[in-house]
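> Got a predicted structure here, sequence first:
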Amino acid sequence: TQLGGALLPFGVLVVGLSLILLAMVFRSIWVPIKATAGYLLSVAAAFGATSFVFVEGHFADALGVTHTGSVISFLPIILMGVLFGLAMDYEVFLVSRIREDFVHHGDPHHAIESGFVSASRVVVAAAVIMFAVFAAFVPEGSATIKPIAFSLAIGVFVDAFVVRMTLVPAVLAKGFTIIG
């Protein structure tokens with residue numbers, strides 16, 4: 001119960017910190033709002049997938065899950081903390097490169113395309129490495145480690161490939177400014 005009570009304040013602290021720090025870095029309110037919304041989407045997807053497998057038991061046999069019905073109580077805190085760091089790294093890599101190109105050339109659509117192409121290699125490499133590390137613990141890990149590894153693998157995958165590599169450029173292309 002103490003850990004459950006700490007989840008909301010921890011979540012508010014993480015979200016608030018991301019809003020403040022990204023607003024300072026990019027001198028824009030839209031970048032931090034977009035980044036935070038993407039982070040929350042990634043966390044929700046990871047929680048949902050973890051619950052689907054480890055609580056409800058779907059695909060449990062395929063993943064070698066022998067115990068279903070509950071997960072370790074500190075999983076949400078670990079997931080939110082680790083995924084926050086990774087998601088904000090991916091965001092800063094991607095949006096910094098896009099902003100840099102925009103400052104040099106002034107064309108937002110060219111900046112999104114050029115910045116995305118150059119930054120995407122770093123984000124993809126980092127995400128594939130982290131996904132592989134976390135996913136490696138799922139088939140052979142202990143009952144305690146499996147749900148943590150699974151949730152982190154799903155969270156990294158969704159954040160890097162759905163949120164940062166798909167939604168971020170799409171949202172920026174629709175007119176949100178990346179300059180202050």
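Structure received.
> Residue 18 against residue 35, yeah?
Yes: the criterion here is CB atoms under 8 Å, and residue 18 meets it with residue 35 at 6.3 Å. (Glycine included, C-beta is placed from N, CA and C.)
> what sits in contact with each of these two?
Applying CB atoms under 8 Å, 6 or more residues apart in numbering, one finds that residue 18 and residue 35 are jointly contacted by residue 88.
> With neighbour numbers in mind, choose between these two.
Ranked by neighbour count (other CB atoms under 10 Å), residue 18 and residue 35 place residue 35 first, with 26 against 20.
> the helices in this protein, which residues?
For the chain, helices defined by DSSP state H occupy the ranges 2-26, 30-50, 75-105, 108-140, 145-157, 168-173.
> Enumerate the positions of the fourth one that are buried.
Neighbour-count burial for helix 108-140, counted by 16 or more other CB atoms under 10 Å, picks out 108, 111-112, 114-116, 119-120, 123, 126-127, 130-131, 134-135, 137-138.
> for the protein, what are the low-confidence residue spans?
Along the chain, the model assigns pLDDT under 70 to residues 1-4, 175-180.
> Next up, the contacts around the residue of it most remote from its centre.
The outermost residue of the chain relative to its centre, with distances by CA atoms, centre = their mean, is residue 105 at 29.4 Å. Residues near residue 105 by CB under 8 Å, 6+ apart: 111, 114.
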